[in-house]
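A.B. asks: Sequence first, predicted model second:
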Amino acid sequence: MSSLTLGEIVKHLNQRIAEGAFPLSTLAVVSGDENLVITGLASLSQAGPTQLSFLANSQYRGQLQTTGAGAMILTEADREAFAGSAIVVSDPYYVFAQLTHLFDPFNAVEVAIHPTAVISPLATIGENVSIGPFVVVEDHAQIGDGAVLISSVHVGRSCVIGAKCWLGHGVTIHHGCILGQRTRIHAGAVIGAEGFGFATAEGRWHRIVQLGRVVIGDDVRIGANTTIDRGALDDTIIADGVIIDNQVQIAHNVKIGAHTALAAGTGVAGSTTIGSHCILGGLVGVAGHLEITDRVHITAMSMITRSIKESGSYSSGSAFEKTADWRKSAVRVRHLGEMAAQIKGLQLALERLELQLGNQ
């Protein structure tokens, strides 16, 4: 969308609030010139006179005096600090997030099937679907209404792609997997590849066919080059509202609860269950066959080797320091067992000395 007035933006917001689509406690209000034309969104420091910015943290309130933004998204409490026009709302950051969709220049797609796409006559294609170049849709796959398959997407046999899903360049959905509605999967992600399952006999590895699926809920976001393996027998399950960053590995039979977030580089080993509303920072490693309860926050680069049964924040590893100091610390860590034995010896000697003094 090229441009909108402040009044038109607020009308859109309030319509969505009235529909229950936006969970805001109060309607948006224009404070100032409702006919001011807005051409896009920008940060406080970079915004120009036809752009809309926002203030989500009052810590940066002083920047309202210096920003070049033509208008701001603000709370009522911060309104007086900005001299220009504003959209007054209860949650500026949430409103900003929703307006990024409105001003996305690449949001519009053509409802069409590209002539290079290969679609099985046994597949079911919904209404208002966009299927780009070199997409493959195999037998008995179902593509829901309003779905977008950008290019070189491969949808395997008997897959179900929910309504309004968006699949980026080169996404692969292997046979039998299910995607809920409005799920968004970015370039190069692979859903439903064979899990890492092998049996050993006579010193050799023997492949176990992975008979489960990947079942993904509604409103899930999966980043570029992420891989989610199919289950061995039971399904790998990603619940509603989960967000997964780029280059994340989720092994077979993992279950991830609703609205959990996994940052880039995280790896979750097989048959682990992660609860709802959890946050796993970047490069977290989670061992297999564990259970992590709801509302757990695991900080970046932590290694989780046992189940977590209590909500809260967890960390592992050592904090960074200057290399010379880190090397000294590493040497001390190697001698911790020896030092503990020495301390225990000193404690016993002290107890004997106190006993001798007490007997005099």
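C.D. replies: Nice, thanks for sending it over. Numbering: from 1, shown residues only.
A.B. asks: Show me which positions of stretch 135-153 end up buried.
C.D. replies: Neighbour-count burial for stretch 135-153 flags 135-138, 140-144, 146-153 (criterion: 16 or more other C-beta atoms under 10 Å). All C-beta atoms are positioned from the backbone trio N, CA, C, and that covers glycine.
A.B. asks: Could you tell me which of the residues you listed belong to strands?
C.D. replies: Taking DSSP state E, the ones among those that sit in strands are 136-137, 142-143, 148-149.
A.B. asks: Tell me the one of those residues nearest D91?
C.D. replies: V148 (28.4 Å; C-beta to C-beta).
A.B. asks: can you pull the contacts of that closest one?
C.D. replies: If you count contacts by C-beta atoms under 8 Å, 6 or more residues apart in numbering, V148 has them with 109, 129-130, 165-167.
A.B. asks: domain parsing for this structure?
C.D. replies: Domain ranges of the chain: 4-102, 323-359, per automatic domain parsing.
A.B. asks: What's the end-to-end length of the longest one?
C.D. replies: Put plainly, it is domain 4-102. By C-alpha to C-alpha, to the nearest Å, the extent of domain 4-102 from end to end equals 10 Å.
A.B. asks: go on, stretch 315-329?
C.D. replies: Span of stretch 315-329 from end to end, C-alpha to C-alpha: 19 Å.
A.B. asks: tell me how far that stretch is from the chain's mean position?
C.D. replies: Chain-centre distance of stretch 315-329: 29 Å, with C-alpha atoms, centre = their mean, to the nearest Å.
A.B. asks: do the same with stretch 41-61
C.D. replies: On C-alpha atoms, centre = their mean, the centre of stretch 41-61 falls 25 Å from the chain's centre.
A.B. asks: could you dump it to PDB, C-alpha only?
C.D. replies: Backbone C-alpha positions of stretch 41-61 (Å, rounded to 0.1, in the frame of the first residue of the first chain) are rendered in PDB as follows:
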ATOM      1  CA  LEU A  41       7.000   3.200   8.800                       C
ATOM      2  CA  ALA A  42      10.400   4.000  10.200                       C
ATOM      3  CA  SER A  43      12.400   4.000  13.400                       C
ATOM      4  CA  LEU A  44      12.600   7.100  15.700                       C
ATOM      5  CA  SER A  45      16.100   8.000  14.500                       C
ATOM      6  CA  GLN A  46      15.400   7.500  10.700                       C
ATOM      7  CA  ALA A  47      11.800   8.600  10.200                       C
ATOM      8  CA  GLY A  48      10.900  11.400   7.800                       C
ATOM      9  CA  PRO A  49       8.000  13.800   7.700                       C
ATOM     10  CA  THR A  50       5.700  11.400   5.800                       C
ATOM     11  CA  GLN A  51       6.600   8.400   8.000                       C
ATOM     12  CA  LEU A  52       5.000   6.900  11.100                       C
ATOM     13  CA  SER A  53       7.200   5.800  14.000                       C
ATOM     14  CA  PHE A  54       6.400   4.500  17.500                       C
ATOM     15  CA  LEU A  55       7.500   4.600  21.100                       C
ATOM     16  CA  ALA A  56       7.200   1.400  23.000                       C
ATOM     17  CA  ASN A  57       9.600   2.200  25.900                       C
ATOM     18  CA  SER A  58       9.400   5.400  27.900                       C
ATOM     19  CA  GLN A  59      13.100   5.200  28.400                       C
ATOM     20  CA  TYR A  60      13.500   6.600  24.900                       C
ATOM     21  CA  ARG A  61      10.900   9.400  25.500                       C
END
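A.B. asks: what's it in contact with?
C.D. replies: For stretch 41-61, the external contacting residues (C-beta under 8 Å, 6+ apart) are 3, 6, 9, 37-40, 63-64, 67-75, 77-78, 81-82, 87, 92-93, 95-96, 99-100, 103.
A.B. asks: can you do 7 Å?
C.D. replies: 37-40, 63-64, 67-74, 78, 81, 92-93, 96, 99-100, 103 (C-beta atoms under 7 Å, 6 or more residues apart in numbering).
A.B. asks: Quick check: ChimeraX command selecting the buried ones in those.
C.D. replies: Applying 16+ other C-beta under 10 Å to the contacts of stretch 41-61, the buried members can be selected in ChimeraX as follows:
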select :38,39,40,63,64,67,69,70,71,72,73,74,78,81,92,96,99,103
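A.B. asks: Among the contacts of stretch 41-61, which lie within strands?
C.D. replies: Within those, residues falling in strands by DSSP E are 37-38, 40, 71-74.
A.B. asks: Which of those sits closest to L355?
C.D. replies: L74 (71.6 Å).
A.B. asks: If you drop the residues flanking it in sequence, what lies closest to that closest one?
C.D. replies: A86 (4.9 Å; C-beta to C-beta, 6 or more residues apart in numbering).
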